[in-house]
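Peer 1: I'll drop the sequence and a predicted model, then ask my questions.
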Amino acid sequence: MTQKLRLGMIGGGKGAFIGALHRIASRLDDEYTLVCGAFSSDAEKSKDSGQTLGLQDQRIYSSYGELFEKEGALSENERMEVVTIVTPNHLHFEPAKLALESGFHVILDKPITFSLAEAKLLEQILVKSGKSLMLTHTYTGYPMVKEAKHLIAKGLIGKIRKLYVEYPQGWLSQSLENTDNKQATWRTDPSKSGIAGAMGDIGTHAFNLAEYVSGLHTEQICADINTVVENRRLDDDGAVLMKFDNGASGVLMATQIAAGEENNIMIRVYGDKGGIVWQQEDANSLQVKLLDQPAQVYRAGAAYLSGIATHNCRTPAGHPEGYLEAFANLYRNFALYLKSSEQERNEQPTIFDFPGIKDGLRGMAFIENVIKSGKSETKWTAFKI
């Protein structure tokens, strides 16, 4: 592969929210160069978006089908190597499938597909293709989230007993889908978003963070799912009781109707020796509370952090790092993985730490199990994949 990976993009045209963030993240470490794209289902909008980004006209496509066909026909040292898919949920599976079958690596926004059945099929296609896939669960890119995972894995807080994870938002506390807000429109539309609203959009982030940091797997759930705003077609609020594979219990809360809240995703994990607390509003800090010591605050950029946290820090201590840097860590780690040999991957597994197909499968299973549980009269239901 070349020093910079040649990147293509599907979706993310003018007016799109997440596409610009992906492009910034991909550029932050100079690991990628954007060479082509199908930025909209509207051919003129795609062309306009591509030209604004400085792409050659012949590398701006009117559809993702055309993108794969024409990029695949280019020479090996010219065609894109990785495609990033930043479309609404119902347009994840088909372009990802075509990308893998056409010989391209895939970066995919979450949730991975429209349904669990699609996610299982995509896993089969991925294995058969021999290519790699990265899922953008952004919050796992924060250095202090990685430090929390490291400290828990080495036993600092002992055996985990209790876990709380929450993601409060307030942006959908009013009926924005009945205005010209495109994000609200598709995220509350079952034909585009899937069977879940808040639980699919931000609940999956909270679930992924809980399992990533703790290293545990969910075995049982009991969900309360609500639609608060009148005439909304999908859930906008909910809470889930959880039981994990080591016997620990937990609570997950995800809501988009907490008026005044922004995006303060937060996790608290308690073991028999102490606890760890992290929240996005103070992302550079990690609280460590041990039974026999004063509470401590670990800070991003400090020399005492683990190798995996240091690898994902970019600035000296005291200089804030945030969402874009966390996003970029995922892109950078995926690039390093693609460029590395099998031996390097075995020798430095933590350096290539990024979410993948297994995270995608568990995320889709979370959505389907939670919605099923929310409709059930049964108190506890098994978490099935």
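Peer 2: Structure received.
Peer 1: Can I get the longest helix along the chain as CSV, trimmed to CA atoms?
Peer 2: Ranked by residue count under DSSP state H, the longest helix found in the chain is helix 357-375. Provided in CSV are the C-alpha atoms of helix 357-375 (Å, rounded to 0.1, in the frame of the first residue of the first chain):
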residue,chain,number,x,y,z
ILE,A,357,-17.6,-6.5,12.9
LYS,A,358,-18.1,-8.2,16.3
ASP,A,359,-19.0,-4.8,17.9
GLY,A,360,-21.4,-4.3,15.0
LEU,A,361,-23.1,-7.6,15.6
ARG,A,362,-23.5,-7.0,19.3
GLY,A,363,-24.8,-3.5,18.6
MET,A,364,-27.5,-4.8,16.3
ALA,A,365,-28.3,-7.5,18.8
PHE,A,366,-28.6,-4.9,21.5
ILE,A,367,-31.2,-2.9,19.4
GLU,A,368,-33.3,-6.0,18.6
ASN,A,369,-33.2,-7.4,22.1
VAL,A,370,-33.9,-4.1,23.8
ILE,A,371,-36.9,-3.4,21.6
LYS,A,372,-38.2,-6.9,22.1
SER,A,373,-37.8,-6.7,25.8
GLY,A,374,-39.5,-3.3,25.9
LYS,A,375,-42.6,-4.8,24.3
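Peer 1: So which residues of the chain form helices?
Peer 2: 18-27, 43-52, 64-72, 93-101, 116-129, 143-153, 182-187, 190-193, 198, 204-214, 307-311, 323-339, 342-347, 357-375.
Peer 1: and among those helices, the most buried is which?
Peer 2: helix 198 (a mean of 28; mean count of other CB atoms under 10 Å). All C-beta spots, glycine's among them, are computed from the backbone N, C-alpha and C.
Peer 1: packing partners for it?
Peer 2: If you count contacts as 3 or more CB pairs under 8 Å, 6 or more residues apart in numbering; DSSP states H and E, helix 198 packs onto no helix or strand.
Peer 1: which other residues reach it?
Peer 2: Gln169, Leu172, Leu234, Asp235, Asp236, Asp237, Gly238, Ala254, Thr255, Gln256 (CB atoms under 8 Å, 6 or more residues apart in numbering).
Peer 1: could you dump these to JSON lines with pLDDT?
Peer 2: JSON lines is the format used below for the contacts of helix 198 (pLDDT from 0 to 100):
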{"residue": "Gln169", "pLDDT": "98"}
{"residue": "Leu172", "pLDDT": "98"}
{"residue": "Leu234", "pLDDT": "98"}
{"residue": "Asp235", "pLDDT": "98"}
{"residue": "Asp236", "pLDDT": "98"}
{"residue": "Asp237", "pLDDT": "98"}
{"residue": "Gly238", "pLDDT": "98"}
{"residue": "Ala254", "pLDDT": "98"}
{"residue": "Thr255", "pLDDT": "98"}
{"residue": "Gln256", "pLDDT": "98"}
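Peer 1: Make a ChimeraX selection of the buried ones in those.
Peer 2: To isolate the buried ones among the contacts of helix 198 in ChimeraX, judged by 16 or more other CB atoms under 10 Å, type:
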select :169,172,234,235,236,237,238,254,255,256
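Peer 1: any chance of the contacts of helix 198 in a markdown table, plus distance to Glu94?
Peer 2: As requested, the contacts of helix 198 are exported to a markdown table (distance: CB to CB, whole Å):
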| residue | distance to Glu94 |
| --- | --- |
| Gln169 | 29 |
| Leu172 | 27 |
| Leu234 | 22 |
| Asp235 | 25 |
| Asp236 | 28 |
| Asp237 | 31 |
| Gly238 | 29 |
| Ala254 | 27 |
| Thr255 | 31 |
| Gln256 | 27 |
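Peer 1: how about low-confidence regions in the protein?
Peer 2: Scanning the chain for pLDDT under 70 picks out the ranges 1-2.
Peer 1: rewinding a little: which strands or helices does the longest helix of the chain pack on?
Peer 2: The contact analysis (3+ CB pairs under 8 Å, 6+ apart) places helix 357-375 against helix 116-129, strand 133-135, helix 204-214, strand 218-226, strand 237-244, strand 381-382.
Peer 1: can you rerun that using 7 Å?
Peer 2: helix 116-129, strand 133-135, helix 204-214, strand 218-226, strand 381-382 (3 or more CB pairs under 7 Å, 6 or more residues apart in numbering; DSSP states H and E).
Peer 1: Among the ones you listed, single out whichever gets nearest to His150.
Peer 2: Comparing those against His150 with CB to CB, the closest turns out to be helix 204-214 (9.8 Å).
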